[in-house]
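Trainee: I would like to see how this sequence folds:
(2 chains)
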Number of protein chains: 2
Amino acid sequence: MSGQNAIWLNGTRVESLPLPDRGLDFGDGVFETFLVHEGNPLFPGYHIDRLKQGLKTLRIPDCLDSIQSQLETAASEAKGIRWSALRLSVIRGPGPRGYRPSPSSAPRIVIYVSSLDRDCATMDRPAVLCVAELRLSDQPLLARIKHLNRLEQVMASVQAQSVDTEEAVMFDKAGHLTSVIAGNIFLVCHGELLTPVLVECGVAGTRRRLIIEKWAHEIGLKIRETRLSSAELFQADEVFLSNSLQTVRPIAKIGNKSWESHNVCKSLFQRFLEELP
Amino acid sequence: MSGQNAIWLNGTRVESLPLPDRGLDFGDGVFETFLVHEGNPLFPGYHIDRLKQGLKTLRIPDCLDSIQSQLETAASEAKGIRWSALRLSVIRGPGPRGYRPSPSSAPRIVIYVSSLDRDCATMDRPAVLCVAELRLSDQPLLARIKHLNRLEQVMASVQAQSVDTEEAVMFDKAGHLTSVIAGNIFLVCHGELLTPVLVECGVAGTRRRLIIEKWAHEIGLKIRETRLSSAELFQADEVFLSNSLQTVRPIAKIGNKSWESHNVCKSLFQRFLEELP
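Mentor: Residues are numbered from 1 along each chain as shown, chains lettered A, B, ... in the order given. As a prediction, the model looks like this:
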């Protein structure tokens, strides 16, 4: 992974953000991480749909036209680069002191683009995970959208790092499986594909939606969103994660439990490759 | 309330924050709002204690010496101003993409100072509140500290604004009274002062701590941190809120319920005045 290549604010190349901004002050905003292939953001409609939902939830004024055009501008400058990551944040912008947003505030669009060293057309090696000690808190109002309040993920990452793993499975307060830190999770159980239903917490991933609405069917698998326990996770025949930069990635190990078979994950990754231009 | 007067980053006057920063990307940091009286931050030890706890929880490297000196520098420039608000944020700083913080990251200290139009030596008029629809989520790991993930407060403020109130009482998932949006809450019941115990959520306010450890005793009242229900709130003889800029403020009304007596609140405000230099 190389460093930040470029930063844009409202369509202009910048190096800094004028202060104050409620994005910094309260995490008041939403974001998306696009995988960009030779200057083209992949599956942009899925990201834009989730952004739109997030803006509506947070009552941030609609700025989808600006988002679309700034996304294209920033991504197109990565044309010469095979793979890059583009993070687009929409933040509430400046406002008076206090939690209450100004109804007249103009949102700001911040884009970071970084080139990726990894070849995203090759499935990533199977991951070794721990179980996050932290339980995700329930907040149905903020579930499914990708907002900027991500301290739970930061804290779980700190813990995973402390036991020398790069990822962790996360459960909610009631003990239901939710996700991994940076992505969603899928179980293959008796030939069926299962993924946690996300009502109280968790982010509804764009690749999760592609798998649910499209790819699972195309590889001949039934898929179901449901509540899943720790026992069901550890009895699964195969387990994998999904996110925008890795698409799908096999899980080799969670704690002491190992999985050898990654066939469903491989088939889904193949479907991803077939979608590339 | 007048606008932003000055912004500092790591002790230098600035107008913007170099990007990227995990404070913006994930709300990865903590903050304090100091009431500044003629250049002197009030009760600094109480704020610094909470900051210290927050930095420890988030595993942000200790930078208390810098915090102290930058706080003094920024506050002293407000010497000619009777009352100002000073917001000090400690953010994780830049780091590689992804939730995992770099162990070598150097935190950044951001300070905003704004002069206040209101005379903070006069008790604010009684407040009219609604009941927040949003229930605060349980996250014991992040409870009590003042971190930057404040979307729940933002969303509750949006709701309060939609019913033309400036504040709201907030309950947790189990239906226990927690706080107001921007402060803590106290009930006077049969001559005893009660305030919600904060274990799963809520911010442990500096003025709340002053009342619990010092002021309640000094005005001759027993005080107890306990679990409180909605019924107990509405049966209370007196209700008031506390925060750093208003110290204590009477609550006149929550929904349809009104309170006429504000004597305990007035006595506590008197104690505050006696602490002023």
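Trainee: In the stretch 1-150 of chain A, what residue comes closest to chain B?
Mentor: A:Gly27 (3.0 Å; C-beta to the nearest C-beta). In short, each C-beta sits where N, CA and C put it, glycine included.
Trainee: That residue: neighbour count?
Mentor: Number of residues near A:Gly27 (other C-beta atoms under 10 Å in any protein chain shown) recorded here: 28.
Trainee: Stretch A:139-151: end-to-end distance?
Mentor: 14 Å (C-alpha to C-alpha, to the nearest Å).
Trainee: Pull out the buried positions in that stretch.
Mentor: For stretch A:139-151, the neighbour count (16 or more other C-beta atoms under 10 Å in any protein chain shown) marks A:Gln139, A:Leu141, A:Leu142, A:Ala143, A:Arg144, A:Ile145, A:Lys146, A:His147, A:Leu148, A:Asn149, A:Arg150, A:Leu151 as buried.
Trainee: picking that back up, quick one: contacts for the nearest residue to the residue of the stretch 1-150 of chain A closest to chain B once chain neighbours are set aside?
Mentor: Leaving aside its sequence neighbours, A:Gly27 sits nearest to B:Gly27 (C-beta to C-beta, 6 or more residues apart in numbering or on different chains; 3.0 Å). Counting by C-beta atoms under 8 Å, 6 or more residues apart in numbering or on different chains, B:Gly27 touches A:Phe26, A:Gly27, A:Leu148, A:Asn149, A:Arg150, A:Leu151, B:His147, B:Leu148, B:Asn149, B:Arg150.
Trainee: Is A:Asn263 in contact with A:Phe240, as I believe?
Mentor: No: in this structure, A:Asn263 is not within contact of A:Phe240 by C-beta atoms under 8 Å, at 10.2 Å.
Trainee: And these two? Which one has more around it.
Mentor: A:Phe240 (30 against 12).
Trainee: any idea of the pLDDT on that one?
Mentor: Per-residue pLDDT puts A:Phe240 at 98.
Trainee: That one falls within a strand, correct?
Mentor: Yes: according to DSSP: H, G, I helix; E, B strand; the rest coil, A:Phe240 belongs to a strand.
Trainee: For the stretch 1-150 of chain A, just list every one of the strands.
Mentor: Taking DSSP state E, counting those that start in this stretch, the strands of the stretch 1-150 of chain A run over residues A:4-9, A:12-13, A:16-18, A:29-37, A:40-41, A:83-91, A:108-115, A:127-131.
Trainee: Output those as TSV; include the columns mean neighbour count, distance to chain B and mean pLDDT.
Mentor: Shown next, in TSV, are those (neighbours: other C-beta atoms under 10 Å in any protein chain shown; distance: least, C-beta to the nearest C-beta, whole Å; pLDDT from 0 to 100):
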stretch	mean neighbour count	distance to chain B	mean pLDDT
strand A:4-9	18	5	88
strand A:12-13	10	11	97
strand A:16-18	18	4	98
strand A:29-37	24	8	98
strand A:40-41	19	16	98
strand A:83-91	23	6	98
strand A:108-115	22	6	97
strand A:127-131	19	13	98
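Trainee: near chain B at all, stretch A:245-259?
Mentor: No: judged by C-beta under 8 Å from any C-beta of the partner chain, stretch A:245-259 and chain B are separated, with a smallest distance of 8.8 Å.
Trainee: avg pLDDT for that stretch?
Mentor: For stretch A:245-259, the per-residue pLDDT averages 98.
Trainee: what's next to it, contact-wise?
Mentor: Taking C-beta under 8 Å, 6+ apart as the rule, stretch A:245-259 contacts A:33, A:35, A:85, A:116, A:120, A:123-131, A:169, A:183, A:185-186, A:207, A:211, A:233-234, A:236-243, A:262, A:265-266, A:268-269, A:272.
Trainee: And for stretch A:129-142?
Mentor: With C-beta under 8 Å, 6+ apart as the criterion, stretch A:129-142 contacts A:57, A:149, A:152, A:155-156, A:159-160, A:163, A:165, A:167-174, A:178-181, A:199-202, A:251, A:253-255, B:134, B:137-139, B:141, B:151-152, B:155, B:173.
Trainee: Can you tell me which of these are classed as buried?
Mentor: Buried among the contacts of stretch A:129-142 by 16+ other C-beta under 10 Å: A:57, A:149, A:152, A:155-156, A:159-160, A:165, A:167-173, A:178-181, A:200-202, A:251, A:254, B:134, B:137-139, B:141, B:151-152, B:155, B:173.
Trainee: Please flag which of those sit within strands.
Mentor: A:Glu167, A:Ala168, A:Val169, A:Met170, A:Phe171, A:Thr178, A:Ser179, A:Val180, A:Ile251, A:Ile254 (DSSP state E).
Trainee: Verify the contact between the second one and A:Gln159 for me.
Mentor: Yes: in terms of C-beta under 8 Å, A:Ala168 counts as a neighbour of A:Gln159; the distance is 6.9 Å.
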